[in-house]
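Asker: Sequence and predicted structure, then a few things I'm wondering about:
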Amino acid sequence: MASIHLTRHTKDLIFDPTSRATIDPSRSHRMSRLPHLHGIVPPLATPLRADGTIDEDGLQRLVEHQIRAGVHALWVLGTTAKFEMLGDHAQRVVAETVARVSAGRVPLVLNVSDLSTERTLTRAARFDDLPYDYYAALPPWYVKITQSEVEGYFRSLADRLARPIIIYNAPWVCNQITLDQLRTLGDHPRIGGTKDVHSNLNATQDWPVADRRRAEFTYLHGCDLMGTSAALGADGFVPALGNAFPELCVALWDAARSGDAALAFNLQTQVARIGRALSMGPMLACLEAACRHRGLLDRMLPSPLQSLDQPTALRVIAAVEAAGMLP
(Lines give C-alpha, C1' and ligand atoms only; values in the text may rest on other atoms or scores of the structure.)
Protein backbone atom coordinates (compact mmCIF):
# COMPACT_ATOMS: atom_id res chain seq x y z
CA MET A 1 0.00 0.00 0.00
CA ALA A 2 1.16 3.54 -0.72
CA SER A 3 2.45 5.73 2.05
CA ILE A 4 3.74 9.26 2.41
CA HIS A 5 7.06 10.22 3.97
CA LEU A 6 9.08 13.35 4.51
CA THR A 7 12.77 12.89 3.84
CA ARG A 8 15.08 14.02 6.63
CA HIS A 9 17.04 16.50 4.49
CA THR A 10 14.76 17.75 1.75
CA LYS A 11 11.34 17.55 3.45
CA ASP A 12 9.97 16.69 0.01
CA LEU A 13 6.77 14.72 -0.30
CA ILE A 14 7.41 11.29 -1.78
CA PHE A 15 5.21 8.29 -2.45
CA ASP A 16 6.21 4.66 -2.75
CA PRO A 17 6.32 4.39 -6.57
CA THR A 18 5.81 0.62 -6.49
CA SER A 19 2.40 0.83 -4.89
CA ARG A 20 0.71 4.12 -5.74
CA ALA A 21 -2.26 3.72 -8.04
CA THR A 22 -2.65 6.02 -11.01
CA ILE A 23 -5.17 8.78 -10.32
CA ASP A 24 -7.77 9.21 -13.00
CA PRO A 25 -9.95 12.28 -12.33
CA SER A 26 -12.64 10.97 -14.65
CA ARG A 27 -13.31 8.11 -12.25
CA SER A 28 -15.05 10.28 -9.67
CA HIS A 29 -18.23 12.34 -9.90
CA ARG A 30 -16.80 14.36 -7.02
CA MET A 31 -14.57 16.27 -9.41
CA SER A 32 -17.50 18.67 -9.83
CA ARG A 33 -17.05 22.41 -9.43
CA LEU A 34 -15.86 23.33 -5.96
CA PRO A 35 -16.74 26.51 -4.07
CA HIS A 36 -14.15 29.26 -3.73
CA LEU A 37 -13.32 28.15 -0.19
CA HIS A 38 -12.48 24.46 -0.29
CA GLY A 39 -9.85 21.78 0.26
CA ILE A 40 -7.31 21.86 3.08
CA VAL A 41 -7.62 25.02 5.17
CA PRO A 42 -5.23 24.65 8.12
CA PRO A 43 -6.07 26.62 11.27
CA LEU A 44 -2.73 28.33 11.79
CA ALA A 45 -1.02 28.09 15.16
CA THR A 46 0.51 31.24 16.63
CA PRO A 47 4.32 31.01 16.93
CA LEU A 48 5.50 32.77 20.08
CA ARG A 49 8.80 33.96 21.47
CA ALA A 50 9.95 33.03 24.96
CA ASP A 51 8.49 36.30 26.31
CA GLY A 52 5.05 35.51 24.86
CA THR A 53 5.19 38.02 21.99
CA ILE A 54 4.46 36.99 18.41
CA ASP A 55 7.34 35.26 16.63
CA GLU A 56 6.87 36.91 13.25
CA ASP A 57 9.73 34.98 11.65
CA GLY A 58 8.21 31.73 12.86
CA LEU A 59 4.80 32.75 11.57
CA GLN A 60 6.29 33.57 8.16
CA ARG A 61 7.97 30.15 8.16
CA LEU A 62 4.70 28.45 9.05
CA VAL A 63 2.71 30.25 6.34
CA GLU A 64 5.29 29.46 3.68
CA HIS A 65 5.35 25.84 4.80
CA GLN A 66 1.58 25.62 4.28
CA ILE A 67 1.58 27.28 0.87
CA ARG A 68 4.49 25.19 -0.42
CA ALA A 69 2.58 22.08 0.61
CA GLY A 70 -0.35 23.11 -1.58
CA VAL A 71 -3.00 24.04 0.97
CA HIS A 72 -6.04 25.71 -0.51
CA ALA A 73 -6.65 28.47 2.07
CA LEU A 74 -5.62 29.52 5.59
CA TRP A 75 -7.73 29.88 8.73
CA VAL A 76 -6.28 32.64 10.91
CA LEU A 77 -6.72 33.35 14.65
CA GLY A 78 -8.83 30.30 15.31
CA THR A 79 -8.91 27.95 18.27
CA THR A 80 -5.56 26.38 17.38
CA ALA A 81 -4.12 29.91 17.39
CA LYS A 82 -5.56 30.42 20.90
CA PHE A 83 -7.17 33.66 19.74
CA GLU A 84 -9.03 33.96 23.03
CA MET A 85 -5.69 34.21 24.90
CA LEU A 86 -4.06 36.78 22.63
CA GLY A 87 -4.26 40.51 23.22
CA ASP A 88 -5.59 42.90 20.61
CA HIS A 89 -2.12 44.01 19.51
CA ALA A 90 -0.92 40.42 19.16
CA GLN A 91 -3.98 39.54 17.07
CA ARG A 92 -3.27 42.49 14.79
CA VAL A 93 0.37 41.42 14.35
CA VAL A 94 -0.76 37.89 13.41
CA ALA A 95 -3.39 39.11 10.95
CA GLU A 96 -1.01 41.57 9.29
CA THR A 97 1.83 39.06 9.04
CA VAL A 98 -0.28 36.31 7.48
CA ALA A 99 -1.79 38.72 4.96
CA ARG A 100 1.63 40.08 4.01
CA VAL A 101 3.36 36.72 3.68
CA SER A 102 0.55 34.93 1.86
CA ALA A 103 0.34 37.86 -0.58
CA GLY A 104 -2.89 36.76 -2.23
CA ARG A 105 -1.68 33.26 -3.05
CA VAL A 106 -4.52 31.54 -1.14
CA PRO A 107 -7.87 32.69 0.26
CA LEU A 108 -7.78 33.84 3.88
CA VAL A 109 -10.37 33.39 6.64
CA LEU A 110 -10.03 35.52 9.79
CA ASN A 111 -11.84 34.50 12.95
CA VAL A 112 -13.33 37.56 14.67
CA SER A 113 -15.41 35.80 17.31
CA ASP A 114 -16.62 37.69 20.36
CA LEU A 115 -19.48 37.53 22.85
CA SER A 116 -22.17 39.72 21.25
CA THR A 117 -23.18 41.25 17.95
CA GLU A 118 -21.66 44.65 18.71
CA ARG A 119 -18.46 43.24 20.19
CA THR A 120 -17.92 41.01 17.15
CA LEU A 121 -18.58 43.88 14.75
CA THR A 122 -16.16 46.11 16.67
CA ARG A 123 -13.46 43.41 16.68
CA ALA A 124 -13.87 42.75 12.95
CA ALA A 125 -13.65 46.44 12.09
CA ARG A 126 -10.07 46.48 13.37
CA PHE A 127 -9.11 44.26 10.44
CA ASP A 128 -11.21 45.75 7.64
CA ASP A 129 -8.13 47.32 6.05
CA LEU A 130 -6.48 43.92 5.55
CA PRO A 131 -7.09 41.73 2.45
CA TYR A 132 -9.08 38.91 4.07
CA ASP A 133 -11.65 37.08 1.98
CA TYR A 134 -13.94 35.97 4.81
CA TYR A 135 -14.57 36.59 8.47
CA ALA A 136 -15.55 33.69 10.73
CA ALA A 137 -17.40 33.73 14.02
CA LEU A 138 -18.49 31.31 16.70
CA PRO A 139 -21.89 31.77 18.29
CA PRO A 140 -21.67 33.77 21.53
CA TRP A 141 -20.17 31.24 23.92
CA TYR A 142 -20.34 32.53 27.50
CA VAL A 143 -24.00 31.98 28.39
CA LYS A 144 -26.74 29.97 26.73
CA ILE A 145 -29.09 31.92 24.43
CA THR A 146 -32.05 30.74 22.37
CA GLN A 147 -31.72 29.16 18.93
CA SER A 148 -33.64 32.11 17.50
CA GLU A 149 -31.09 34.48 19.04
CA VAL A 150 -28.18 32.45 17.62
CA GLU A 151 -29.72 32.62 14.16
CA GLY A 152 -30.39 36.34 14.53
CA TYR A 153 -26.79 36.90 15.60
CA PHE A 154 -25.43 35.44 12.37
CA ARG A 155 -27.96 37.30 10.23
CA SER A 156 -26.92 40.58 11.84
CA LEU A 157 -23.25 39.83 11.28
CA ALA A 158 -23.87 38.89 7.66
CA ASP A 159 -25.76 42.12 7.09
CA ARG A 160 -23.17 44.37 8.72
CA LEU A 161 -19.68 42.85 8.44
CA ALA A 162 -17.34 44.12 5.73
CA ARG A 163 -16.65 40.55 4.56
CA PRO A 164 -18.84 37.50 3.95
CA ILE A 165 -19.06 35.33 7.04
CA ILE A 166 -18.24 31.68 7.70
CA ILE A 167 -20.22 30.22 10.60
CA TYR A 168 -17.90 28.50 13.08
CA ASN A 169 -19.81 25.67 14.76
CA ALA A 170 -17.87 24.05 17.60
CA PRO A 171 -19.05 21.51 20.21
CA TRP A 172 -17.07 23.04 23.10
CA VAL A 173 -19.09 26.27 23.26
CA CYS A 174 -22.48 26.51 24.95
CA ASN A 175 -24.40 27.68 21.85
CA GLN A 176 -24.65 25.59 18.69
CA ILE A 177 -26.21 26.03 15.27
CA THR A 178 -28.31 23.18 13.89
CA LEU A 179 -28.09 21.78 10.37
CA ASP A 180 -31.61 23.05 9.64
CA GLN A 181 -30.53 26.53 10.71
CA LEU A 182 -27.42 26.30 8.54
CA ARG A 183 -29.61 25.43 5.56
CA THR A 184 -31.84 28.41 6.28
CA LEU A 185 -28.93 30.78 6.86
CA GLY A 186 -27.26 29.46 3.71
CA ASP A 187 -29.78 31.41 1.67
CA HIS A 188 -28.27 34.66 2.93
CA PRO A 189 -26.04 36.02 0.14
CA ARG A 190 -23.28 37.02 2.61
CA ILE A 191 -23.09 33.76 4.55
CA GLY A 192 -20.50 31.75 2.65
CA GLY A 193 -20.41 28.50 4.58
CA THR A 194 -19.56 26.79 7.82
CA LYS A 195 -16.66 25.23 9.65
CA ASP A 196 -18.34 22.38 11.50
CA VAL A 197 -16.16 20.75 14.16
CA HIS A 198 -18.67 18.05 15.04
CA SER A 199 -17.42 14.59 14.03
CA ASN A 200 -20.86 13.48 12.80
CA LEU A 201 -20.70 12.39 9.14
CA ASN A 202 -24.40 12.88 8.38
CA ALA A 203 -24.45 16.61 7.61
CA THR A 204 -23.12 16.38 4.05
CA GLN A 205 -25.50 13.52 3.32
CA ASP A 206 -28.53 15.33 4.75
CA TRP A 207 -27.58 18.50 2.86
CA PRO A 208 -26.27 17.15 -0.45
CA VAL A 209 -23.60 18.79 -2.58
CA ALA A 210 -25.99 19.87 -5.32
CA ASP A 211 -28.20 21.72 -2.85
CA ARG A 212 -25.21 23.43 -1.24
CA ARG A 213 -23.89 24.49 -4.65
CA ARG A 214 -27.20 26.16 -5.46
CA ALA A 215 -26.90 28.09 -2.20
CA GLU A 216 -23.20 28.80 -2.89
CA PHE A 217 -22.50 27.44 0.59
CA THR A 218 -19.28 25.64 1.53
CA TYR A 219 -19.13 22.92 4.17
CA LEU A 220 -15.72 22.71 5.85
CA HIS A 221 -15.37 19.83 8.28
CA GLY A 222 -13.20 20.22 11.35
CA CYS A 223 -12.64 16.49 11.51
CA ASP A 224 -9.63 14.24 10.87
CA LEU A 225 -11.75 11.67 9.00
CA MET A 226 -10.93 13.56 5.82
CA GLY A 227 -11.02 10.65 3.38
CA THR A 228 -14.44 9.44 4.50
CA SER A 229 -15.94 12.89 4.89
CA ALA A 230 -14.67 13.99 1.46
CA ALA A 231 -16.22 10.89 -0.10
CA LEU A 232 -19.50 11.88 1.54
CA GLY A 233 -19.39 15.37 0.04
CA ALA A 234 -17.48 17.66 2.39
CA ASP A 235 -16.05 20.66 0.54
CA GLY A 236 -12.92 20.86 2.65
CA PHE A 237 -11.29 20.48 6.04
CA VAL A 238 -9.75 22.60 8.78
CA PRO A 239 -7.28 20.12 10.33
CA ALA A 240 -5.10 21.31 13.22
CA LEU A 241 -2.53 18.63 12.41
CA GLY A 242 -2.11 20.38 9.06
CA ASN A 243 0.17 22.86 10.81
CA ALA A 244 2.87 20.22 11.09
CA PHE A 245 1.80 17.91 8.25
CA PRO A 246 0.07 19.86 5.49
CA GLU A 247 1.60 17.59 2.80
CA LEU A 248 -0.22 14.59 4.23
CA CYS A 249 -3.54 16.44 4.43
CA VAL A 250 -3.26 17.72 0.85
CA ALA A 251 -2.31 14.27 -0.44
CA LEU A 252 -5.32 12.74 1.32
CA TRP A 253 -7.64 15.40 -0.09
CA ASP A 254 -6.30 14.85 -3.60
CA ALA A 255 -6.67 11.09 -3.34
CA ALA A 256 -10.23 11.31 -2.01
CA ARG A 257 -11.27 13.87 -4.62
CA SER A 258 -9.82 11.83 -7.45
CA GLY A 259 -11.58 8.64 -6.41
CA ASP A 260 -8.41 6.74 -5.50
CA ALA A 261 -9.97 4.89 -2.58
CA ALA A 262 -6.96 2.67 -1.87
CA LEU A 263 -4.54 5.57 -1.60
CA ALA A 264 -7.04 7.63 0.43
CA PHE A 265 -7.47 4.72 2.85
CA ASN A 266 -3.73 4.37 3.34
CA LEU A 267 -3.23 8.11 3.90
CA GLN A 268 -6.22 8.20 6.27
CA THR A 269 -4.55 5.45 8.27
CA GLN A 270 -1.44 7.58 8.59
CA VAL A 271 -3.58 10.50 9.77
CA ALA A 272 -5.08 8.22 12.44
CA ARG A 273 -1.62 7.18 13.61
CA ILE A 274 -0.54 10.80 13.87
CA GLY A 275 -3.78 11.53 15.70
CA ARG A 276 -2.74 8.98 18.29
CA ALA A 277 0.62 10.73 18.67
CA LEU A 278 -1.20 14.03 19.24
CA SER A 279 -3.30 12.46 22.00
CA MET A 280 -0.35 11.58 24.27
CA GLY A 281 -0.89 14.82 26.19
CA PRO A 282 -2.94 17.99 25.65
CA MET A 283 -3.48 18.05 21.89
CA LEU A 284 -2.08 21.50 21.24
CA ALA A 285 0.98 20.78 23.36
CA CYS A 286 1.58 17.62 21.32
CA LEU A 287 1.11 19.59 18.10
CA GLU A 288 3.62 22.16 19.38
CA ALA A 289 6.17 19.37 19.89
CA ALA A 290 5.60 18.10 16.34
CA CYS A 291 5.90 21.60 14.84
CA ARG A 292 9.07 22.24 16.84
CA HIS A 293 10.53 18.94 15.63
CA ARG A 294 9.94 20.06 12.04
CA GLY A 295 11.68 23.38 12.68
CA LEU A 296 8.52 25.46 12.21
CA LEU A 297 8.30 27.15 15.60
CA ASP A 298 9.57 27.01 19.17
CA ARG A 299 6.41 27.81 21.10
CA MET A 300 2.71 28.23 20.32
CA LEU A 301 1.01 28.05 23.74
CA PRO A 302 0.23 31.34 25.51
CA SER A 303 0.35 31.47 29.30
CA PRO A 304 -0.98 29.70 31.33
CA LEU A 305 -0.77 26.78 28.87
CA GLN A 306 2.33 24.63 29.21
CA SER A 307 4.55 22.74 26.78
CA LEU A 308 5.06 19.00 27.18
CA ASP A 309 7.79 17.75 29.45
CA GLN A 310 10.72 16.28 27.53
CA PRO A 311 9.89 12.57 28.02
CA THR A 312 6.33 13.09 26.73
CA ALA A 313 7.54 15.19 23.81
CA LEU A 314 9.97 12.43 22.85
CA ARG A 315 7.15 9.86 22.93
CA VAL A 316 5.08 12.08 20.63
CA ILE A 317 7.93 12.41 18.14
CA ALA A 318 8.64 8.67 18.24
CA ALA A 319 4.98 7.94 17.47
CA VAL A 320 4.99 10.49 14.62
CA GLU A 321 8.09 8.93 13.11
CA ALA A 322 6.58 5.45 13.47
CA ALA A 323 3.60 6.70 11.46
CA GLY A 324 5.94 7.44 8.56
CA MET A 325 6.43 11.19 8.99
CA LEU A 326 10.06 12.19 9.46
CA PRO A 327 11.46 15.66 10.27
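Answerer: Everything's here; your move. Here the structure is a predicted model, which means the values were calculated and not measured. Residues are numbered from 1 along each chain as shown.

Asker: Leu314 versus Asp235, what's the distance?
Answerer: Using Cβ to Cβ, to the nearest Å, we find Asp235 at a distance of 38 Å from Leu314. (Each C-beta comes from the backbone N, C-alpha and C, glycine too.)

Asker: same thing with Tyr142?
Answerer: Tyr142 is 38 Å from Leu314, by Cβ to Cβ.

Asker: ok so, going back, which one of Asp235 and Leu314 has more residues nearby?
Answerer: Asp235 (24 against 13; other Cβ atoms under 10 Å).

Asker: Please verify my assumption that that one contacts Glu216.
Answerer: No - look at Asp235 against Glu216 with Cβ atoms under 8 Å: they stay out of range, at 11.1 Å.

Asker: Mutual contacts of these two, please.
Answerer: Contact criterion Cβ atoms under 8 Å, 6 or more residues apart in numbering; residues shared by Asp235 and Glu216: Pro35.

Asker: And the host helix or strand of Ala264, what's buried?
Answerer: Applying DSSP states H and E as the criterion places Ala264 in helix 261-277. Buried residues in helix 261-277, defined by neighbour count with 16 or more other Cβ atoms under 10 Å: Leu263, Ala264, Phe265, Asn266, Leu267, Gln268, Gln270, Val271, Ile274, Gly275, Ala277.

Asker: Can I get those in a markdown table including distance to Asn200 and pLDDT?
Answerer: Output for those, formatted as a markdown table (distance: Cβ to Cβ, whole Å; pLDDT from 0 to 100):
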| residue | distance to Asn200 | pLDDT |
| --- | --- | --- |
| Leu263 | 25 | 96 |
| Ala264 | 20 | 96 |
| Phe265 | 21 | 95 |
| Asn266 | 25 | 95 |
| Leu267 | 22 | 96 |
| Gln268 | 17 | 96 |
| Gln270 | 23 | 95 |
| Val271 | 18 | 96 |
| Ile274 | 22 | 96 |
| Gly275 | 17 | 95 |
| Ala277 | 24 | 96 |
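
Asker: for the residues you listed, which one is nearest Ala230?
Answerer: When the buried residues of helix 261-277 are compared for distance to Ala230 (Cβ to Cβ), Ala264 wins out at 7.7 Å.

Asker: Tell me which residues touch that closest one, please.
Answerer: Gly227, Ala230, Ala231, Leu252, Ala255, Ala256.

Asker: Verify the stated contact: the first one with Leu252.
Answerer: Yes - using Cβ under 8 Å as the test, Gly227 is close enough to Leu252 to be in contact (5.7 Å).

Asker: Which of these two has more residues huddled nearby?
Answerer: Leu252 (27 against 22).
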